[in-house]
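J.: I need the structure of the sequence given here:
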Amino acid sequence: ALSADKLIYLVEGRGLLDARGRLITNVVPQALDAILRRRRRLPEEFAQQLRNATDACRRGVRRTHLLSRQRDGILLRELFTRDGAGTLLTAHPYEEIRGARIDDVGGILELLAPLEARGTLVRRSRELLETEIERFTVVKIDGMIIACAALYCYPRERMAEMACVAVHPAYRGGGRGNALLEHMEARAREQQIDQLFVLTTEAAHWFRERGFLPSPIEELPMERRRLYNYRRNSKVFVKTL
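T.: Next up is the predicted model:
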């Protein structure tokens, strides 16, 4: 009735946890409905707060926050940091992985710029990125692009290159790289790709830990081999899907 933009609950205990006892940082109403159906032993006051939160969300409150009242400073951390400190309920996912759109170009360029300046990635112009935007996948948090990657397929060899892999420094170590890789592998399988390869100068250990094996340049598709930059001397790693 107030047309409120935000609703905040201070809850007892640690807040909304998953089956492993970890804080659920963001959730949509349908997922919260499922939690209420599965967990019949939730304290009644907390269960009512969850029901009220979903109702408010469906009636137009853009964001509902569930915060443990025992944690000092939690309100400031929730409202003034992008990751927050409690559980955020929104009508649409707060964090999502999806195919890039043309209006994502600026965010992707901003994410790639430090890596291009350091020489980790080959520089791409805005014009080139715009023409290749359908190849890109992005991870967004609250409208900010915090990770991206591109997929270049070579159907004849049933191989694909994962390129332009970047994760914002503030979000490394949080599993976003793994989630992005899984998403790209799924995209490759949908296109009947059998092997995924990367060319990297710095992240060899990360890819090896995830099943990529070092391979000679001769393993690359002929078209990609012709574009190989011997001055950069990137290492080739291949993973069978």
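
J.: could you use CA atoms for every contact and neighbour count after this?
T.: Noted.

J.: quick one: the nearest residue to Arg69 once chain neighbours are set aside from Val139, how far?
T.: Nearest in space to Arg69, with sequence neighbours left out and distances taken as CA to CA, 6 or more residues apart in numbering, is Leu10 at 5.0 Å. Here the distance between Leu10 and Val139 works out to 29 Å (CA to CA, to the nearest Å).

J.: who has more neighbours out of these two?
T.: Neighbour tally, Leu10 and Val139, criterion other CA atoms under 10 Å: the higher count belongs to Val139, 22 against 17.

J.: surely that one meets Glu96?
T.: Yes: counting by CA atoms under 8 Å, a contact exists between Val139 and Glu96, whose distance comes to 5.7 Å.

J.: what's the helix or strand where Ala113 lies packed up against?
T.: In this structure, Ala113 is located in helix 105-118 according to DSSP states H and E. If you count contacts as 3 or more CA pairs under 8 Å, 6 or more residues apart in numbering; DSSP states H and E, helix 105-118 packs onto helix 126-131, strand 144-154, strand 159-167.

J.: can you say which of these is nearest to Ile102?
T.: Judged by CA to CA, the one of the helices and strands packed on helix 105-118 that comes nearest to Ile102 is helix 126-131, at 6.5 Å.

J.: which residues are in contact with that closest one?
T.: Taking contacts as CA atoms under 8 Å, 6 or more residues apart in numbering, the residues outside helix 126-131 that touch it are Ile102, Val105, Leu109.

J.: what's the local residue count around the last one?
T.: Leu109 has 17 neighbouring residues, counting by other CA under 10 Å.

J.: contacting residues for it?
T.: Applying CA under 8 Å, 6+ apart, one finds that Leu109 lies in contact with Arg126.

J.: separation between it and Val138?
T.: For Leu109, the distance to Val138 - CA to CA - is 12 Å.

J.: please apply the same query to the second one.
T.: Computed with CA to CA, the distance linking Val105 and Val138 is 10 Å.

J.: and those two? which has more neighbours close in?
T.: Ranked by neighbour count (other CA under 10 Å), Val105 and Val138 place Val138 first, with 25 against 18.

J.: am I right that that one is in contact with Gly99?
T.: Yes: with contact defined as CA under 8 Å, Val138 and Gly99 form a contacting pair (6.2 Å).

J.: for the helix-or-strand element of the chain with minimal mean pLDDT, packing partners?
T.: Between all helices and strands in the chain, the lowest mean by mean pLDDT, DSSP states H and E belongs to strand 26-27, at a mean of 84. The contact analysis (3+ CA pairs under 8 Å, 6+ apart) places strand 26-27 against strand 87-90.
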